[in-house]
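Peer 1: kindly generate the corresponding structure for this input.
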Amino acid sequence: MNECNVGGCGEWRKSVDMAIKELKESDKKQNDEITDIKTSQAETKVYIKQILERVDDLKVLFTVGNNSTNDKWVKVVIELIKSIGTVGAIIAGIKILG
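Peer 2: Numbers count the residues shown, from 1 in each chain. Below is the predicted model of the structure:
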């Protein structure tokens, strides 16, 4: 039997309207969250690019000059670069998830 034949058409319509309103609100919230994630992703890409540029600068700095002095510091700098990269990755992850 049809809902409207029993007299419940008005209530049915209200429930459908309420469901549509909830879906629209949920859609807006998800769109806002997606926009925030895209913004964070773009910022993270910039940070990664800056880190890689600095790593390249350090490589150039240590390839120019005295090789005997460089050999002593190369291992230290490599570990430092790894640590900076790890910290950068953690910060990027926090920014993306936060």
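Peer 1: and the pLDDT at residue 10?
Peer 2: Looking at residue 10, its pLDDT is 80.
Peer 1: burial count for residue 27?
Peer 2: By other Cβ atoms under 10 Å, 10 other residues sit near residue 27. Where C-beta positions appear, they are placed from N, C-alpha and C, glycine not excepted.
Peer 1: secondary structure element for it?
Peer 2: Assessed by DSSP states H and E, residue 27 sits inside helix 9-63.
Peer 1: and the next element down the chain from that helix?
Peer 2: helix 67-97.
Peer 1: buried stuff in that following helix?
Peer 2: 88, 92 (16 or more other Cβ atoms under 10 Å).
Peer 1: gap between stretch 81-97 and the chain center?
Peer 2: 11 Å (Cα atoms, centre = their mean, to the nearest Å).
Peer 1: do the same with stretch 17-25
Peer 2: In this view, stretch 17-25 has its centroid 29 Å away from the chain centroid, taken as Cα atoms, centre = their mean.
Peer 1: now that stretch: mean pLDDT?
Peer 2: On average, stretch 17-25 scores 94.
Peer 1: then stretch 55-68?
Peer 2: 69.
Peer 1: relative to helix 67-97, how tilted is the helix holding residue 27?
Peer 2: 170 degrees (axes from the mean of the first three to the mean of the last three Cα atoms, to 10 degrees).
Peer 1: now for helix 9-63, which elements pack on it?
Peer 2: helix 3-6, helix 67-97 (3 or more Cβ pairs under 8 Å, 6 or more residues apart in numbering; DSSP states H and E).
Peer 1: wait, which of those helices is closest to residue 43?
Peer 2: Checking the helices and strands packed on helix 9-63 against residue 43 by Cβ to Cβ gives helix 67-97 as the closest, at 6.7 Å.
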